[in-house]
Structure formats: C-alpha cells, structure tokens
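>>> I'll drop the sequence and a predicted model, then ask my questions.
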Amino acid sequence: MIVRKQNITSPRNGRSRISQRFIAGILFSFALIATTSCTKPEKNLSKAQTRQVTDEAGRRVILPTKVDRIVSLAPNLTEIVYAMGAGERLVGDTTYCDYPEAAKSVAKVGDTMHPSVERIIALKPQIVLVSTASQLEAFTKQLDEQHIAVYVTNPRNLDEVFRSIETLGDLFGSHDRAASLVADLRRRAAAVAAATKPTPPVRIFYQVSDSPLYTIGREAYLTDLIRRAGGVSVTADVPGAFPRFSDEAALASNPDAIILPTGGSMGNANSTVAPAFKGSPAVLNNRIYKINEDHLQRPGPRLVDGLEEMARALHPEAFK
C-alpha cells in the first residue's frame with residue numbers, strides 16, 4: 001500500500017504514537033538467552049524415552065521422544081506449531097498469540113515479556129518454545145528445576161527461519177509436512193528474487209517505531225528480507241538487531257523509501273513517519289509503504305507473505 005505524503009506532527013499534537021510497551025517488546029524479542037546449561041529430562045522418563053537436541057542458542061536440550069504438551073512464548077512459534085499440525089498439543093501460549101484463530105482460545109500464560117512461570121508449570125508442558133523473543137536466565141533455570149525443557153530459536157535471516165520451521169517439524173514428528181511447507185516457501189522466495197533481480201535496488205529505511213526512533217541493524221533477519229525484496233537497508237551496517245536511531249543519523253541516511261510495519265495486531269501503531277525524514281526523497285516522492293506488521297516481525301511461515309508485499313511495493317513494475 002502506498003501512502004501519500006502527510007504532515008508530520010509532534011506527540012503533543014495528539015498523533016497516535018507507538019507505545020513504550022511495544023518498543024520494549026521488540027527489544028526483548030531479540031535479547032538472547034544467556035544460559036548454556038543442558039536442560040534436565042522429564043521426571044520418570046528413561047534414556048530410551050528421551051532424545052537430546054541442540055537448540056539455536058547452542059544449548060543441549062533433552063526432550064521426550066514424543067512431545068505431546070507444548071507451551072509457546074512467541075506468536076511466530078505459535079504459528080509454526082499450528083503449521084506443523086501440532087496445534088492440538090499446544091496447551092499454553094501468550095496474549096500476543098492471535099493467529100491462527102484457534103490460538104486465541106489456548107490457555108494464556110501472560111505476555112511475551114512477562115509470562116507467568118507458575119501458569120506454565122501448572123500446564124505441565126514437556127517443552128517451552130522461546131524465540132530470542134523472551135526471557136532471562138532465571139526464567140529458564142526455574143523451568144529446568146521442574147524438568148521442563150526450554151527450546152530457543154534465533155533466526156537471523158530467511159534461510160534460518162526456514163531451518164527453524166524444519167527443526168520444529170522434526171521435534172513434533174512432522175518432518176514431511178515441514179519439508180513440504182518450506183519447499184513451497186523457498187519457491188515463492190525464489191520467484192521474488194527472480195522478479196526483482198533486473199531492477200536497481202531501492203535504498204530503504206525500515207522504521208520499527210517513530211518516537212523514539214528505532215530501526216533494524218545488521219543482525220536483524222529483516223535486513224536480509226529487504227535485500228531479497230529488491231532493496232538495501234540504509235542501516236544494514238549498524239550494529240545490533242533493533243538499534244535506536246538518532247534524528248541526525250536519520251536525516252543523513254536520506255532513504256528513497258520508508259517501510260512502516262503497521263496494522264495487524266499493532267493496529268494503527270507506527271503509522272506515522274518520523275519527523276526527521278520530512279525532507280527525505282522517500283517523503284518528497286510519496287514512497288512510504290505500510291505493510292502488515294504480522295507479516296514482517298513474526299519470523300514464521302507468513303514472513304514470505306511480507307517479502308512478497310514488500311517486493312511488490314518497491315518494484316510494482318516487476319510484477320505486472
């Protein structure tokens with residue numbers, strides 16, 4: 001969706017601004033769990049009934065051979081669970097887990113940043129899925145003490161998102177289903193790459209939030225996604241995944257287009273371009289693109305939807 005240029009106003013003028021809660025959520029979403037201990041096997045299970053895997057944080061995790069009770073602490077992981085046909089085994093998720101529709105009726109354990117350990121333990125899961133979306137070492141330790149395995153994902157580009165889907169499919173006994181889904185996602189991503197390859201890349205600023213201003217850095221999978229969509233992030237060399245950006249740096253970045261992840265579960269949050277960009281080519285040429293936040297900031301199966309939407313916005317001529 002292309003948005004016409006609009007007057008930029010300050011927070012004092014009542015323009016809707018993204019909440020501090022959302023900003024904190026994004027930052028927590030990519031804070032890597034520090035623990036490296038091996039989780040303990042479930043009580044009363046023999047070695048023959050368990051298996052050892054390594055999660056994406058490099059932690060050794062001991063799981064039952066068959067996983068029947070799952071808690072997800074991130075919306076993207078909830079989406080993957082359902083995509084793997086394991087939704088009936090999901091006994092708990094977060095208040096942010098709203099897709100697919102069935103996820104809304106699953107027992108809630110709190111939000112992604114502040115889950116209730118007591119509620120999780122009461123649900124007696126065999127595995128708790130954590131995106132680098134979540135919790136601290138103390139949280140993991142509490143679940144270890146209850147013999148509840150914690151599995152951490154940490155995708156840093158689209159290929160690693162695909163590998164996460166395949167790995168979780170294997171954990172849930174859905175290898176063929178995961179392989180089929182990923183093959184289709186790879187095919188769609190390749191079609192985007194083929195369509196945009198002949199076009200010159202567009203210099204993009206990806207605005208995570210406008211006040212304060214946050215963007216994406218070189219460690220964010222979204223930097224890779226922009227490249228695949230026929231763009232180049234003007235903050236691709238900035239350290240970190242979701243760094244805060246100064247007005248001076250924003251002004252100097254001079255992007256040709258700005259992407260606003262908005263809508264979806266965010267509603268109208270982040271729907272206003274930061275004032276620092278008012279003289280940029282992006283604003284002057286009306287190249288402001290609003291794309292469903294759920295398709296961009298949830299690294300799961302719908303991320304390819306976001307890739308396609310971004311590519312069509314940046315290069316409409318390539319998809320006629």
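Here it is on my side, so go on.
>>> ok, now how distant is the residue nearest to the spatial centre of the chain from Ala102?
When C-alpha atoms, centre = their mean is applied to the chain, the residue found nearest the centroid is Arg298 (3.0 Å). As judged by C-beta to C-beta, to the nearest Å, Arg298 and Ala102 stand 16 Å apart. Bear in mind the C-beta positions are built from the backbone N, C-alpha and C, glycine included.
>>> repeat for Glu219
Distance of Glu219 to Ala102, computed by C-beta to C-beta: 33 Å.
>>> the more surrounded of these two?
Neighbours per residue (other C-beta atoms under 10 Å) separate Glu219 from Ala102, with Glu219 holding more: 15 against 12.
>>> so Arg298 touches Leu77, yeah?
No: between Arg298 and Leu77 there is no contact under C-beta atoms under 8 Å: 9.1 Å.
>>> re the thing from before, state the three-state secondary structure for the residue nearest to the centre of the chain.
Assigned with DSSP: H, G, I helix; E, B strand; the rest coil, Arg298 falls in the coil class.
>>> Tell me who's in contact with it.
Contact analysis of Arg298 by C-beta atoms under 8 Å, 6 or more residues apart in numbering lists Pro75, Asn76, Glu79.
>>> Can you lay out the residues you listed as TSV showing secondary structure, distance to Lys66 and pLDDT?
Formatted as TSV, the contacts of Arg298 follow (DSSP: H, G, I helix; E, B strand; the rest coil; distance: C-beta to C-beta, whole Å; pLDDT from 0 to 100):
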residue	secondary structure	distance to Lys66	pLDDT
Pro75	helix	25	96
Asn76	helix	24	96
Glu79	helix	22	98
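>>> Of those, which is the nearest to Val161?
Nearest to Val161, judged by C-beta to C-beta, of the contacts of Arg298 is Asn76 at 8.5 Å.
>>> measure that closest one to His175 for me?
Noted for Asn76: a distance of 20 Å to His175, by C-beta to C-beta.
>>> so what's the closest residue to Pro281 other than its chain neighbours up against?
Excluding its sequence neighbours, the residue lying closest to Pro281 (C-beta to C-beta, 6 or more residues apart in numbering) is Asp256, at 5.0 Å. For Asp256, the contact set (C-beta under 8 Å, 6+ apart) comprises Val202, Arg203, Ile204, Pro281, Ala282, Asn285, Arg287.
>>> Tell me the confidence at Asp256?
Asp256 is assigned a predicted lDDT (pLDDT) of 98.
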